[in-house]
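S.K.: Take a look and give me a structure for this.
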Amino acid sequence: MPFTYREYYIPCRKDECIKLVELIRENISLPEAVIEVEEHGIRIRLYGYKTDIKNSWNRIKRVLKIYRESILKTLLGYKYSIESIVASIRKTFPPQILAKVLEKKGYTAKYSEGYIETNASREEVEEIANRIADVIQEIRFDAPSTTTKYFIATASVVEDKDPREVIDEAIELGLLYRDEDDKVRLRLEWRQALDKYLRREPYGKNSSSIEEF
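M.R.: Sure thing, here's the model as predicted:
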């Protein structure tokens, strides 16, 4: 099979073109490729065997499809697919936390069926998602409960605080407690705990009833 090349052109705006080039290079291995950003699009030259070129182009088209589906305009602002955000930051995160952080930061936000709808920019969404993923990783041994992690991560990102500072403050407020293994646990539903934490509202610190969510 002869060694050959194919050239493809993808129309896009300048900022969008730069983002697309980043996504293509981060998510697809293309050792025999030349990618150029032009005034109104991206020009891609793929070198190799015909079958390899076809497979590479199909992978590029998939990345483009995911990205473009992620920025559909909606009444809330823009619709970003969680899959495309994960592909971009190369980390996983709970989408429910992303929606809650955006909401607490003053944006519109709704998570449903693999998409986040918000009026925040994609850059802001990815920055928040990246921070959430980092905090979840940092506290993975501190909190055995998923919803406790949700509370700590959300509070930490909303207030831009170290998660262990959040833990100490939440214990002082009676929202968290430490069990016999020195792990932190919630006394109430995580969204309610978040609202109380942000208002610095104490919760039944002397109460003997403890609820784990």
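S.K.: Would you mind measuring from residue 124 to residue 106?
M.R.: With the distance defined as CB to CB, to the nearest Å, residue 124 ends up 11 Å from residue 106. Every residue, glycine included, has its C-beta placed from N, CA and C.
S.K.: The two: which has the busier surroundings?
M.R.: When neighbours are counted by other CB atoms under 10 Å, residue 124 and residue 106 differ, and residue 124 comes out ahead with 14 against 9.
S.K.: OK, contacts around the more buried one?
M.R.: Contacts for residue 124 (CB atoms under 8 Å, 6 or more residues apart in numbering) come out as residue 107.
S.K.: Specify the local secondary structure of it.
M.R.: helix (DSSP: H, G, I helix; E, B strand; the rest coil).
S.K.: what packs against the helix ranked longest in the chain?
M.R.: When the chain is parsed with DSSP state H, its longest helix is helix 50-69. The contact analysis (3 or more CB pairs under 8 Å, 6 or more residues apart in numbering; DSSP states H and E) places helix 50-69 against strand 3-11, helix 14-27, strand 41-49, helix 82-89.
S.K.: By mean pLDDT, point me to the weakest helix or strand of this structure.
M.R.: Using mean pLDDT, DSSP states H and E, strand 72-74 stands out as the lowest-scoring helix or strand of the chain, at a mean of 61.
S.K.: that older thread, so which of the helices and strands packed on helix 50-69 is the most surrounded?
M.R.: Across these, averaging neighbours per residue (mean count of other CB atoms under 10 Å) puts helix 82-89 on top, at a mean of 19.
S.K.: other SSEs contacting that helix?
M.R.: Using 3+ CB pairs under 8 Å, 6+ apart, the elements in contact with helix 82-89 are helix 14-27, helix 50-69, strand 115-118, helix 122-138.
S.K.: Give me whichever of the ones you listed is most buried.
M.R.: Greatest average neighbour count among the helices and strands packed on helix 82-89 goes to strand 115-118 (a mean of 23), per mean count of other CB under 10 Å.
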